[in-house]
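In: based on what follows, work out the 3D shape:
(chains A and B)
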Amino acid sequence: SAVISQKPSRDICQRGTSLTIQCQVDSQVTMMFWYRQQPGQSLTLIATANQGSEATYESGFVIDKFPISRPNLTFSTLTVSNMSPEDSSIYLCSATGTGVSYEQYFGPGTRLTVT
Amino acid sequence: DQQVKQNSPSLSVQEGRISILNCDYTNSMFDYFLWYKKYPAEGPTFLISISSIKDKNEDGRFTVFLNKSAKHLSLHIVPSQPGDSAVYFCAATYNTDKLIFGTGTRLQVFP
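Out: Okay, the predicted model is just below:
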């Protein structure tokens, strides 16, 4: 399995500002993903981070709000732009391991609070 | 439209007994199902998975059963231990790497 780290682990931000979350994997992986878990809710896929090209966003998520970078096979960033209190969530990075491609491994998450 | 549903938000089980967590899905195209466990302040941890061509997969204390005709899967934990207390998510996918998660069931195992 892949070991995934995220920075920061938590942050409190003011409305209208932006936060960039970093995700580092300990080995080269094919697929990386970003999820959001709002309070009391399930995990919702924001986008697939594609290495060397634009991310693929799910319905309801747009690049202007959640720009994503993936410069190589082990690193990705998610920016939450122009934040509002509704963006308060846990943001999680995941990656597929070297085994079965459907088995994703998750980072510890970034708990974001927007005031 | 919630394609993967966990209708029980919580479950309480005595230590040593069996825990059964249930999950229903609506999309018959799903071809792979997974269970994750999540502790507070941590990311989900992969537990066990099953392909749609199987009806059972076992790994130690954890067994997943799949009933395709009923579009239902369940996770059995035997025997349950206090360390199993967590939120459990089922997830499904079809011909893709994208996972669709259920809403989770909080399991509490008491002594």
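In: relative to chain B, how far out is the residue nearest in space to the middle of chain A?
Out: By CA atoms, centre = their mean, chain A has its centre lying nearest to residue A:34, at 3.2 Å. For residue A:34, the distance to chain B (CB to the nearest CB, to the nearest Å) stands at 12 Å. In short, each C-beta sits where N, CA and C put it, glycine included.
In: correct me, but that residue touches residue A:76?
Out: Yes. Using CB atoms under 8 Å, residue A:34 is in contact with residue A:76, at 7.4 Å.
In: anything in contact with each of these two?
Out: Shared contacts of residue A:34 and residue A:76, defined by CB atoms under 8 Å, 6 or more residues apart in numbering or on different chains, comprise A:23, A:49, A:68, A:93.
In: point out the least confident one among these.
Out: Within the shared contacts of residue A:34 and residue A:76, the minimum per-residue pLDDT falls on residue A:49 (94).
In: hmm, back to that, mind putting the shared contacts of residue A:34 and residue A:76 into TSV with secondary structure, neighbour count and distance to chain B?
Out: Output for the shared contacts of residue A:34 and residue A:76, formatted as TSV (DSSP: H, G, I helix; E, B strand; the rest coil; neighbours: other CB atoms under 10 Å in any protein chain shown; distance: CB to the nearest CB, whole Å):
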residue	secondary structure	neighbour count	distance to chain B
A:23	strand	27	11
A:49	strand	24	12
A:68	strand	24	15
A:93	strand	28	8
